[in-house]
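Undergrad: here is my input, please return the structure:
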Amino acid sequence: MGPETSVFPGKIRQFGFIVEDIDASITQWGALGVAPWLVMRDVAMEGCTYRGALSEPVISIALANSGDMQIELIQQHGDMPSIYQEFMKATGGGLNQVAYWVEDIDAVRAEAVAAGWTEVWRGDEDGPTQFSYLEHPDSPLAIVELMELNDATRSLGLAIQAAAEEWAPGKPILMT
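TA: This next block holds a predicted model:
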């Protein structure tokens, strides 16, 4: 698997970290100059599929940018089997995925599966934004995420990036 075989279009847009304590992680990233953070707490992930079975964990998510790169922090609450719990048990947390934002998620997912990638986590089929997590035995990291790029995700991403450009130490670390 080399650059000549990449099925993922464009550039990596996000690094996703699985964390044990989202507030402690926000503080640590803030000390590195990454802020402000948009935090969504206790989000019920309805209708997701984890390794072929229904999985509906509750998670908290925090998003911030450093330049063009978005950082995502994910903390799962409870013991529902999920890709997040799997990674936390295996590693204790850390960098889990990189994300590509794609307009035609179905086409990119189909191309990736045809190239040997396995879909392990999928959600929001009927919601505002579809996502798909894929793994490959030759990948240098655990997961590649495909996030549907649509009007909602595009405007949210631009708002988070603009907030980061305006942020300076001493300003609030959380977006309001």
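
Undergrad: show me what the longest helix belonging to the chain is packed against.
TA: Longest helix in the chain by number of residues (criterion: DSSP state H): helix 151-166. Judged by 3 or more Cβ pairs under 8 Å, 6 or more residues apart in numbering; DSSP states H and E, helix 151-166 is in contact with strand 38-44, strand 58-66, strand 69-77. Using the backbone N, CA and C atoms, a C-beta is placed for each residue, glycine as well.

Undergrad: which residues of the chain fall in strands?
TA: With strands called from DSSP state E, the chain shows them at 14-18, 38-44, 48-50, 53-55, 58-66, 69-77, 94-102, 118-123, 131-135, 143-148.

Undergrad: give me the contact list for stretch 112-132.
TA: Stretch 112-132 is touched from outside by 1, 5, 7-8, 45, 47-51, 55, 82-83, 105, 109, 133-136, 143-148, 150, 152-153, with contacts defined as Cβ atoms under 8 Å, 6 or more residues apart in numbering.

Undergrad: can I get it in PDB, CA atoms only?
TA: Extracted in PDB, the C-alpha atoms of stretch 112-132 (Å, rounded to 0.1, in the frame of the first residue of the first chain):
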ATOM      1  CA  ALA A 112     -11.800   1.700  -0.400                       C
ATOM      2  CA  VAL A 113     -13.600  -1.600   0.300                       C
ATOM      3  CA  ALA A 114     -12.700  -2.800  -3.200                       C
ATOM      4  CA  ALA A 115      -9.000  -1.900  -2.400                       C
ATOM      5  CA  GLY A 116      -9.000  -4.100   0.700                       C
ATOM      6  CA  TRP A 117     -10.100  -1.800   3.400                       C
ATOM      7  CA  THR A 118     -12.700  -3.100   5.900                       C
ATOM      8  CA  GLU A 119     -15.500  -0.900   7.300                       C
ATOM      9  CA  VAL A 120     -15.500  -1.200  11.100                       C
ATOM     10  CA  TRP A 121     -17.700   1.700  12.200                       C
ATOM     11  CA  ARG A 122     -20.500   3.400  10.400                       C
ATOM     12  CA  GLY A 123     -23.200   5.900  11.300                       C
ATOM     13  CA  ASP A 124     -25.700   8.500  10.600                       C
ATOM     14  CA  GLU A 125     -27.100   6.900   7.500                       C
ATOM     15  CA  ASP A 126     -30.300   8.900   7.900                       C
ATOM     16  CA  GLY A 127     -28.800  11.900   9.800                       C
ATOM     17  CA  PRO A 128     -27.200  15.100   8.800                       C
ATOM     18  CA  THR A 129     -23.700  13.700   8.200                       C
ATOM     19  CA  GLN A 130     -22.600  10.100   7.400                       C
ATOM     20  CA  PHE A 131     -19.300   8.800   8.500                       C
ATOM     21  CA  SER A 132     -17.400   5.600   8.000                       C
END
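
Undergrad: many thanks, I have nothing further to ask.
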